[in-house]
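Asks: Okay, sequence plus prediction incoming.
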Amino acid sequence: MAGFAELGLSSWLVEQCRQMGLKQPTMVQLGCIPAILQGRDCLGCAKTGSGKTAAFVLPILQKLSEDPYGIFCLVLTPTRELAYQIAEQFRVLGKPLGLKDCIIVGGMDMVVQALELSRKPHVVIATPGRLADHLRSSNTFSLKKIRFLVMDEADRLLEQGCTDFTADLETILASVPAQRQTLLFSATLTDTLKELQGLATNQPFFWEAQAPVRTVEQLDQRYLLVPEKVKDAYLVHLVQTFYEQLEECSIIIFTNTCKTCQILCMMLRKFNFPTVALHSMMKQKERFAALAKFKSSIYRILIATDVASRGLDIPTVQVVINHNTPGLPKIYIHRVGRTARAGRQGQAITLVTQYDIHLLHSIEEEIKKQLDEMKVEEAKVLSILTQVNVVRRECDIKLEASHFDEKKEINKRKQLILEGKDPDLEAKRKAELAKIKQQNRRFKEQVGQTLKRQKAKSTSRGVQPQPQVPTLAQEQT
Ligand SMILES: Nc1ncnc2c1ncn2[C@@H]1O[C@H](COP(=O)(O)OP(=O)(O)OP(=O)(O)O)[C@@H](O)[C@H]1O
């Protein structure tokens with residue numbers, strides 16, 4: 001198998017890889033580095049933990065060393081923590097170059113960031129919202145000469161999830177030159193491939209790992225059927241079991257809302273598990289502090305929302321527990337990908353209630369693998385059930401008393417005002433958008449049902465179906 005030198009990387013970079021413990025290139029690095037060095041755009045789709053970051057950092061550093069200037073490269077990524085992680089890889093691998101990088105993320109001082117940007121760093125690593133704010137409000141820096149635009153977790157940047165980056169991306173794309181190399185990476189690129197192809201037009205090179213299953217082989221994936229009402233007792237039981245069994249290991253628990261995340265963190269602490277929370281309602285400093293404590297294994301349990309589901313690379317994580325079954329298979333893929341990284345072993349357990357069976361099926365269909373059922377000793381769960389319920393109720397009351405929900409609203413309004421937006425107008429706009437989305441959803445459902453009915457009719461008559469699709473105009477009237 002080719003080594004890093006055979007991929008066309010300079011000897012100083014090969015040495016950097018060696019010092020970092022990267023002995024052989026991974027498949028995605030083998031596939032993408034030569035094409036990027038040739039000057040081509042690249043769309044790289046490979047499993048979680050397969051080394052996609054170094055697949056773009058290494059060739060960019062090589063090109064930067066040949067023609068060093070600032071700002072040479074812009075990396076966009078959906079979360080703040082991920083921006084710091086990517087910057088770290090640039091820093092370590094680019095040390096001999098005296099690389100200057102700059103991290104532009106929300107929740108940090110804008111003036112300090114503006115100053116750093118004006119000093120022309122070689123690489124800017126940013127979340128779209130804050131970078132777009134800088135572009136709109138300041139003329140002390142320019143992205144007009146960048147050679148590389150990287151979008152890490154590119155599908156997340158383009159999809160319209162709870163954080164919609166569309167407007168910010170428009171601002172950013174209008175500020176970068178058309179003549180550039182565009183590199184797009186994710187473990188789940190294919191969902192937004194069409195949109196992505198519109199961004200990468202310079203002899204684009206699409207590299208996808210060929211594998212029958214979309215999650216990594218070393219990952220032991222199970223589901224645990226639990227009645228909704230006693231879910232928390234099962235969670236405490238699982239944490240207890242893993243915490244005792246695996247002395248050196250860390251556990252990430254994913255939940256669906258900031259509030260549940262906060263409550264479960266309080267609850268696990270009451271049971272004396274060293275737990276930290278990570279969600280978007282925490283102040284940025286608290287978020288960094290929580291992650292630092294978890295990374296250094298001071299706290300071995302992290303309970304997080306999907307703000308931590310993508311990209312985070314923490315080698316000690318051996319277990320991922322999904323407290324809720326993810327509504328989208330790709331969220332599942334990223335969540336469970338926080339363990340079993342870089343060839344290591346890992347376990348993922350998803351709690352599935354009576355209401356989530358269909359979600360489990362769509363996950364299995366998407367990853368092309370059936371999850372094994374996990375069995376636990378029911379008697380042990382029963383023995384802690386009352387205690388868990390009492391503690392949970394206490395935590396609910398405590399959080400209610402701290403006005404958590406109101407704080408959420410106030411924070412949202414503050415953030416919008418800081419962004420120069422009118423919170424009331426924004427609320428109106430959101431409501432209209434939700435209405436349109438709902439109409440579109442209903443329309444799609446109608447189409448699906450019509451097609452199904454026609455298919456059923458025609459198969460019973462033995463003829464080909466002729467789709468009669470209702471028009472959008474019909475639906476909207
Ligand atoms: N060639 C290599 N040999 C050994 N380890 C490597 C190699 N390349 C990268 N790694 C390590 O593998 C781990 C995962 O890499 P990385 O974070 O880039 O994964 P990823 O593919 O971006 O995952 P995700 O989709 O979850 O973001 C890191 O700790 C990294 O240092």
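Replies: Yes, it's here.
Asks: Tell me the bridge partners for Phe205.
Replies: Cys42 (DSSP bridges).
Asks: distance of it from the ligand?
Replies: According to C-beta to the nearest ligand atom, to the nearest Å, Phe205 and the ligand sit 17 Å apart. From N, CA and C alone the C-beta is placed, and that goes for glycine too.
Asks: Per-residue pLDDT of the residue of the stretch 351-477 of the chain found nearest the ligand, please?
Replies: Scanning the stretch 351-477 of the chain for proximity to the ligand using C-beta to the nearest ligand atom identifies Ile367 as nearest, at 14.2 Å. Per-residue pLDDT puts Ile367 at 95.
Asks: ok, now which ones touch the nearest residue to it once chain neighbours are set aside?
Replies: For Ile367, ignoring the flanking residues on the chain, the nearest one in space by C-beta to C-beta, 6 or more residues apart in numbering is Arg214 at 4.6 Å. Going by C-beta atoms under 8 Å, 6 or more residues apart in numbering, Arg214 touches Lys47, Ala187, Ile333, Glu366, Ile367, Lys368, Lys369.
Asks: I figured Pro96 hits Ser10, correct?
Replies: No - applying C-beta atoms under 8 Å as the test, Pro96 and Ser10 come out as separate, 10.1 Å apart.
Asks: Neighbour count for those two, which is higher?
Replies: Using other C-beta atoms under 10 Å, the more surrounded residue of Pro96 and Ser10 is Ser10, with 15 against 12.
Asks: mind checking how far that one is from Ala290?
Replies: Noted for Ser10: a distance of 38 Å to Ala290, by C-beta to C-beta, to the nearest Å.
Asks: can you count the residues close to Val276?
Replies: Applying other C-beta under 10 Å, we find 23 residues neighbouring Val276.
Asks: so it is in which element?
Replies: Per DSSP states H and E: Val276 is located in strand 275-278.
Asks: any idea how far whatever helix or strand comes next after that strand is from the chain center?
Replies: Once strand 275-278 ends, the next helix or strand along the chain (criterion: DSSP H and E) is helix 284-295. Relative to the chain's own centre, helix 284-295 is displaced by 17 Å; criterion: C-alpha atoms, centre = their mean, to the nearest Å.
Asks: Show me what the next helix or strand after helix 284-295 is in contact with.
Replies: Next helix or strand after helix 284-295 toward the C-terminus (DSSP H and E): strand 301-304. Strand 301-304 has contacts (C-beta under 8 Å, 6+ apart) with 239, 243, 250-255, 261, 264-265, 268, 273-279, 290-291, 294, 308, 323.
Asks: Sort out which of the contacts of Arg214 are in helices and list them.
Replies: With helices taken from DSSP state H, the overlap with those comprises Ile333, Glu366, Ile367.
Asks: returning to that earlier point: of the contacts of Arg214, just the buried ones, ChimeraX syntax please.
Replies: Restricted to buried positions by 16 or more other C-beta atoms under 10 Å, the ChimeraX selection for the contacts of Arg214 reads:
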select :47,187,333,366,367,369
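Asks: which parts of this structure sit against the ligand?
Replies: Proximity of the chain to the ligand (C-beta under 6 Å from any ligand atom) is limited to residues 22, 24-26, 29, 46, 48-54, 187, 311, 313, 337, 341-342.
Asks: of these, buried ones?
Replies: Among the residues of the chain next to the ligand, those classed as buried by 16+ other C-beta under 10 Å are 22, 25-26, 29, 46, 48-54, 187, 311, 313, 337, 341.
Asks: Just the residues you listed: which are in strands?
Replies: Among these, none falls in strands (DSSP state E).
Asks: Tell me which residue is most central in the chain.
Replies: Central residue of the chain (C-alpha atoms, centre = their mean): Arg310, 2.5 Å from the mean position.
Asks: got a list of what that one touches?
Replies: Pro78, Thr79, Leu82, Glu153, Arg156, His334.
Asks: Just put those residues in JSON lines and tack on secondary structure, pLDDT and neighbour count.
Replies: As requested, the contacts of Arg310 are exported to JSON lines (DSSP: H, G, I helix; E, B strand; the rest coil; pLDDT from 0 to 100; neighbours: other C-beta atoms under 10 Å):
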{"residue": "Pro78", "secondary structure": "coil", "pLDDT": "94", "neighbour count": "23"}
{"residue": "Thr79", "secondary structure": "coil", "pLDDT": "92", "neighbour count": "24"}
{"residue": "Leu82", "secondary structure": "helix", "pLDDT": "96", "neighbour count": "24"}
{"residue": "Glu153", "secondary structure": "coil", "pLDDT": "94", "neighbour count": "23"}
{"residue": "Arg156", "secondary structure": "helix", "pLDDT": "91", "neighbour count": "26"}
{"residue": "His334", "secondary structure": "helix", "pLDDT": "96", "neighbour count": "24"}
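Asks: Adding distance to Glu170, write those residues out as TSV.
Replies: Shown next, in TSV, are the contacts of Arg310 (distance: C-beta to C-beta, whole Å):
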residue	distance to Glu170
Pro78	16
Thr79	20
Leu82	22
Glu153	18
Arg156	17
His334	25
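Asks: can you pull out the strands in this structure?
Replies: Using DSSP E, the strands found in the chain span residues 42-45, 73-76, 101-104, 123-126, 148-152, 181-186, 205-208, 219-225, 250-254, 275-278, 301-304, 317-322, 346-352, 372-373.
Asks: so can I have a markdown table of those showing mean pLDDT?
Replies: Converted to a markdown table, those look like this (pLDDT from 0 to 100):
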| stretch | mean pLDDT |
| --- | --- |
| strand 42-45 | 94 |
| strand 73-76 | 98 |
| strand 101-104 | 97 |
| strand 123-126 | 98 |
| strand 148-152 | 97 |
| strand 181-186 | 95 |
| strand 205-208 | 90 |
| strand 219-225 | 97 |
| strand 250-254 | 97 |
| strand 275-278 | 96 |
| strand 301-304 | 97 |
| strand 317-322 | 97 |
| strand 346-352 | 97 |
| strand 372-373 | 96 |
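Asks: Rebuild these as CSV, extending it with distance to Ile33.
Replies: Compiled in CSV, these are given as follows (distance: least, C-beta to C-beta, whole Å):
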stretch, distance to Ile33
strand 42-45, 9
strand 73-76, 15
strand 101-104, 20
strand 123-126, 17
strand 148-152, 13
strand 181-186, 11
strand 205-208, 10
strand 219-225, 26
strand 250-254, 30
strand 275-278, 32
strand 301-304, 32
strand 317-322, 27
strand 346-352, 26
strand 372-373, 36
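Asks: Ok, which of the ones you listed comes nearest Asn440?
Replies: strand 181-186 (24.6 Å; C-beta to C-beta).
Asks: Run the angle between the closest one and strand 148-152 for me.
Replies: Counting by axes from the mean of the first three to the mean of the last three C-alpha atoms, to 10 degrees, strand 181-186 lies at 10 degrees to strand 148-152.
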